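In: coords below, sequence missing:
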């Protein structure tokens, strides 16, 4: 498996874990309309299936140690920036990673 493929599977796992958590939160939110809560429950089931499937097919002990919310926090912080600042931050992070990997 290439590094790019590993990164893609890793991001699928992170997204599924966080999607599962958020869908569960929406499902439990009594302030939401019943139809939305039911849709959230269906989404939670699908996210759980993807999450569990990846854990079964890989070394789940490694996956379960990942702080998936770290990636969501970075995304959340970026969402509050305008387009120009998002691009600046992306370049800073890219340069930082490139320097570490030298």
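Out: Nice, I can see it. From a predicted model like this one, the values you see are computed outputs, not experimental measurements.

In: gap between residue 44 and residue 19?
Out: 8 Å (Cβ to Cβ, to the nearest Å). Quick note: C-beta positions are derived from backbone N, CA and C, even for glycine.

In: show me the contacts for residue 27.
Out: Contact analysis of residue 27 by Cβ atoms under 8 Å, 6 or more residues apart in numbering lists 37, 40, 41, 44.

In: where along the protein do the helices fall?
Out: 3-28, 34-57, 60-63, 68-79, 83-100 (DSSP state H).

In: Tell me how far the second one lies from the chain's centre.
Out: The one in question is helix 34-57. 14 Å (Cα atoms, centre = their mean, to the nearest Å).

In: Give me the buried positions along that helix.
Out: 40, 43, 44, 47, 48, 50, 51, 54, 55 (16 or more other Cβ atoms under 10 Å).

In: what separates residue 24 from residue 1, distance-wise?
Out: Taking Cβ to Cβ as the measure, residue 24 and residue 1 are separated by 30 Å.

In: quick one, which of those two is more surrounded?
Out: More neighbours surround residue 24 than the other of residue 24 and residue 1, with 16 against 7 (other Cβ atoms under 10 Å).

In: mind listing what the more buried one touches?
Out: 40, 44.

In: now do residue 42
Out: Contacts of residue 42 by Cβ under 8 Å, 6+ apart: none found.

In: Equivalent analysis for residue 43, please.
Out: By Cβ under 8 Å, 6+ apart, the residues touching residue 43 are 19, 23, 26.

In: one more time with 6 Å, if that's ok
Out: Neighbouring residues of residue 43 by Cβ atoms under 6 Å, 6 or more residues apart in numbering: residue 23.

In: same question, residue 84
Out: Applying Cβ under 6 Å, 6+ apart to residue 84 gives no contacts.
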